[in-house]
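# pasting a predicted model and its sequence here:
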Amino acid sequence: MEAQVAEQTSKRRVALTRESILEAALRLCSPEGGGQLTFSRLGKELGADPTAVYRHFRDKDELVLALTDLVIRENAKLARAQLPEGSSDDWRTWLTVTAESVRTAYLARPALAVLAAARTTASPAETSGVEEVIAVLHRAGLPVLEAAEYYRQLLDLTLALTQYSAAFTCLGPDIHAKDEAAWAVKYGMLPEEEFPLLHQSAQRLTELYRDDTEVFRMTLETFLDGLAVRIDRAKQQAG
């Protein structure tokens, strides 16, 4: 009984800050942290009563938005380190680096990717990123409104595939093995006379099942190829 009281007293004495809560939450969202974000687990990670978190964040949604803003800022740093300084006419590199940076930053915390991919923070980091991508597309030759539309398409494509990968990561190795067996065994053993095309492509489908990153890059390339055609057309119309 005394030990329990001492433990509770110790928890109450833990001085929580907004920064320490966010750091702990990011750890919990990583694969190493168990990939689950709850206030109960957060309190345990911090060595504090879970209710203490509510002094800094009204609810889990407010916490998720704050974490999302952190990841957006991290993504901006990742992208900036790989992109040329100042304006650039290489729109394809800009969009590729931006999309891959978003994916990398979120997949480091798959539990957050599942919660945050569909959210909007309207934070300075987010709005600056939106402005920057629209500017890149406008400089490439698209009218402003069309540049905004393609920004949205790129964002949705990136976040949707990232969220898909993150959600699957959170399912755990047993589920992964079961699905891989379905591709490698069940699809691989389909009768050739009934499924001739699947029979020919089953091995490749199994390879792609194992590699979401390759699928993402293939999909992004297809999107960018189509965008290149539209940019060329816009330049011709403007000229």
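That came through fine.
# break the protein down into its domains, please.
Annotated domains of the chain cover 9-57, 58-173+180-238 [automatic domain parsing].
# pLDDT averaged over the first one - what is it?
The average of the pLDDT scores along domain 9-57 is 85.
# the domains of the chain: lowest mean pLDDT?
Ranked by mean pLDDT, these bottom out at domain 9-57, with a mean of 85.
# please compute how far it lies from its chain's middle.
For domain 9-57, the separation from the chain centroid amounts to 22 Å (computed by CA atoms, centre = their mean, to the nearest Å).
# quick one on the thing from earlier: would a markdown table of the domains of the chain with mean neighbour count be doable?
Heads up, the C-betas are built off the backbone N, CA and C, glycines and all. Compiled in a markdown table, the domains of the chain are given as follows (neighbours: other CB atoms under 10 Å):
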| stretch | mean neighbour count |
| --- | --- |
| domain 9-57 | 16 |
| domain 58-173+180-238 | 16 |
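# show me what the one helix or strand residue 220 maps to packs onto, helices and strands only.
According to DSSP states H and E, residue 220 maps onto helix 212-238. Helices and strands touching helix 212-238, by 3 or more CB pairs under 8 Å, 6 or more residues apart in numbering; DSSP states H and E, are helix 91-107, helix 144-169.
# and the helix or strand that comes right after the longest one with helix 144-169, angle?
Tracing the chain C-terminally past helix 144-169 and defining elements by DSSP H and E, one meets helix 173-181 next. Angle of helix 173-181 versus helix 144-169, following axes from the mean of the first three to the mean of the last three CA atoms, to 10 degrees, is 110 degrees.
# okay, the helices and strands packed on helix 212-238 in CSV with distance to residue 39 next?
Formatted as CSV, those follow (distance: least, CB to CB, whole Å):
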stretch, distance to residue 39
helix 91-107, 22
helix 144-169, 21
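# out of these, nearest to residue 215?
Smallest distance to residue 215 across the helices and strands packed on helix 212-238 (CB to CB): 7.3 Å, for helix 144-169.
# state the distance from the most centrally placed residue in the chain to residue 167.
Computing the C-alpha centroid of the chain and ranking residues by CA atoms, centre = their mean puts residue 106 first, at 3.5 Å. As judged by CB to CB, to the nearest Å, residue 106 and residue 167 stand 11 Å apart.
# anything in contact with each of the two?
Residues within reach of residue 106 and of residue 167 at once, by CB atoms under 8 Å, 6 or more residues apart in numbering, are residue 113.
# kindly calculate the angle that the strand or helix carrying residue 132 makes with helix 91-107.
In this structure, residue 132 sits in helix 124-140 according to DSSP H and E. In terms of direction (the same axes, to 10 degrees), helix 124-140 departs from helix 91-107 by 160 degrees.
# could you list every helix and strand in contact with helix 124-140?
Counting contacts by 3+ CB pairs under 8 Å, 6+ apart, helix 124-140 packs against helix 60-82, helix 91-107, helix 144-169.
# which element is encountered next along the chain beyond the second one?
Counting by DSSP H and E, the element after helix 91-107 in chain order, helix or strand, is helix 110-116.
# from the middle of its chain, how far away would the helix holding residue 132 be?
18 Å.
# just the CA atoms of that helix, as PDB, please.
Below are the C-alpha coordinates for helix 124-140, written out as PDB (Å, rounded to 0.1, in the frame of the first residue of the first chain):
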ATOM      1  CA  PRO A 124       2.600  28.500 -40.400                       C
ATOM      2  CA  ALA A 125       4.700  25.400 -41.500                       C
ATOM      3  CA  GLU A 126       1.800  23.900 -43.400                       C
ATOM      4  CA  THR A 127       0.600  27.100 -45.100                       C
ATOM      5  CA  SER A 128       4.200  27.900 -46.100                       C
ATOM      6  CA  GLY A 129       4.600  24.400 -47.600                       C
ATOM      7  CA  VAL A 130       1.400  24.800 -49.600                       C
ATOM      8  CA  GLU A 131       2.400  28.200 -50.900                       C
ATOM      9  CA  GLU A 132       5.800  26.800 -51.900                       C
ATOM     10  CA  VAL A 133       4.500  23.900 -53.900                       C
ATOM     11  CA  ILE A 134       1.900  26.000 -55.700                       C
ATOM     12  CA  ALA A 135       4.600  28.500 -56.600                       C
ATOM     13  CA  VAL A 136       6.800  25.700 -58.000                       C
ATOM     14  CA  LEU A 137       4.000  24.600 -60.200                       C
ATOM     15  CA  HIS A 138       3.100  28.100 -61.300                       C
ATOM     16  CA  ARG A 139       6.700  28.800 -62.300                       C
ATOM     17  CA  ALA A 140       6.600  25.600 -64.300                       C
END
